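Engineer: My questions are about this predicted structure, shown below with the sequence.
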Amino acid sequence: MKTFAIIPSGGTGNRIGTDLPKQYLQFNGKELIAYTIDIFQKCELIDEIILSARKDYFNLLDSIKNNYSFSKISKIVEGGEERQHSVFNALKSINPNDDDLIIVHDAVRPLLPHDILIKAIETAKISGSAVVAIKAKDTLVKGLDSVISYIDRQDVFYVQTPQIFHFRILMDAFIKAEKEKFIGTDESMLVQRAGNKVKIVRGSSFNFKITTEEDLFIFDNIIQNR
C-alpha cells in the first residue's frame with residue numbers, strides 16, 4: 001500500500017490583502033508552504049507528494065522543492081477554479097491501486113502534529129476514510145446582527161485536514177460530484193455524500209488554517225519562539 005499526499009495550493013491571498021498568496025510568504029526565510037511540505041517529507045509513511053497550484057507559481061514551487069530537497073514531490077499540477085477541481089486534477093495525475101491512501105492537506109496548515117498525521121493514516125487504513133477534526137469548545141449561535149438561536153455543541157466538530165481515503169472511495173466520490181455538478185466544501189463532504197462513513201480523528205488547535213492577518217501573526221510568533 002502506497003500513501004500519496006495531495007497539497008492544493010491555489011489560494012490567491014485576497015483575504016489578507018497581499019499581492020503574493022499567503023502560502024508563499026516567508027517566515028524566518030522559509031515559505032509557509034515549505035513548512036507544510038516538510039511535515040510530509042519527514043513522515044516515514046508518505047511515499048509521494050503532489051502539489052496543485054496556479055501555473056504562474058510552478059517555477060517558485062520548483063525552487064522550493066530544490067532548495068529544501070523535497071524529494072517526495074513527484075508532481076506539480078495545475079489547479080482549478082475551485083479547491084475541489086484542484087484536488088481532482090491531482091488525483092487524475094496519479095495511478096494508484098484502489099486501496100492506496102490519498103491524503104489531502106491544506107497548504108496553509110503548517111503546524112500539523114506528526115502524531116495526529118500518523119493516527120489519521122492508521123485509521124484510514126482500517127476504515128477507508130478519516131478526517132481530522134476538533135471538538136467544539138465554545139458556545140455556538142446562529143444569527144447575523146443578533147442571536148437567532150443557540151446550537152448544541154455536544155456532537156459538533158470543527159473539520160480540519162488532513163483528510164485521508166482509499167483511492168477508489170475518493171475517486172468515486174469525485175466522479176459522482178462531477179456528474180451531478182456538486183461543489184463541496186471539502187473531500188469528506190463528497191465522500192460522505194457518496195454513501196461512505198468518515199471516521200473522525202481528534203485534531204489539535206495548533207493545526208489551524210492560516211486565513212487572516214491575525215493567523216499570520218500567530219504563526220510567525222510560534223515559529224520565532226520554537
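Structural biologist: Sure, I can see it.

Engineer: For the chain, which segments are assigned as helices?
Structural biologist: 32-42, 58-67, 83-92, 114-127, 167-179, 187-193, 213-224 (DSSP state H).

Engineer: Report back the residue of this protein that's furthest from centre.
Structural biologist: S146 (32.7 Å; C-alpha atoms, centre = their mean).

Engineer: pLDDT wise, what is that one at?
Structural biologist: At S146, the model reports a pLDDT of 95.

Engineer: tell me the contacts of the residue lying closest to E48 once chain neighbours are set aside?
Structural biologist: The shortest distance from E48 to any non-neighbouring residue, by C-beta to C-beta, 6 or more residues apart in numbering, is to S74 (4.4 Å). In short, each C-beta sits where N, CA and C put it, glycine included. Going by C-beta atoms under 8 Å, 6 or more residues apart in numbering, S74 touches 48-50, 94.

Engineer: Over to I76?
Structural biologist: So I76 contacts 50-53, 58, 61-62, 65 (C-beta under 8 Å, 6+ apart).

Engineer: close enough to count as contact, R109 and K209?
Structural biologist: Yes - between R109 and K209 there is a contact under C-beta atoms under 8 Å: 5.4 Å.

Engineer: can you list residues touching both of these two?
Structural biologist: Going by C-beta under 8 Å, 6+ apart, residues that sit against R109 and also against K209 are Q160.

Engineer: out of those two, which sits in the more crowded spot?
Structural biologist: Between R109 and K209, R109 has the larger neighbour count (other C-beta atoms under 10 Å), namely 22 against 14.

Engineer: so where is the protein shaky, pLDDT-wise?
Structural biologist: 11-18 (pLDDT under 70).

Engineer: Select the longest strand from it.
Structural biologist: Scanning the chain for the strand with the most residues, using DSSP state E, yields strand 157-166.

Engineer: measure stretch 118-134 end to end?
Structural biologist: 16 Å (C-alpha to C-alpha, to the nearest Å).

Engineer: Among the contacts of I76, which one sits closest to G128?
Structural biologist: I50 (20.3 Å; C-beta to C-beta).

Engineer: Pick out the residue nearest the middle of this protein.
Structural biologist: H105 (2.0 Å).

Engineer: Distance across stretch 201-208, terminal residue to terminal residue?
Structural biologist: 15 Å.

Engineer: Please tell me how far it is from the chain's geometric centre.
Structural biologist: Remark: stretch 201-208 is offset 12 Å from the chain centroid, using C-alpha atoms, centre = their mean, to the nearest Å.

Engineer: which residues touch it?
Structural biologist: 109, 111-113, 116, 119-120, 123, 130-135, 160, 215, 218, 222.

Engineer: do the same with stretch 93-103
Structural biologist: 1-6, 40, 46, 48, 50, 74-75, 77, 91, 120-121, 124-125, 162-168, 170.

Engineer: Can you turn the buried part of the residues you listed into a ChimeraX selection?
Structural biologist: Applying 16 or more other C-beta atoms under 10 Å to the contacts of stretch 93-103, the buried members can be selected in ChimeraX as follows:
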select :3,4,5,6,40,46,48,50,77,91,120,121,124,125,162,163,164,165,166,167,170
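
Engineer: Among the contacts of S74, which pair sits farthest apart?
Structural biologist: Spatial extent of the contacts of S74 (C-beta to C-beta) is set by the pair I49 and I94 at 10.9 Å.
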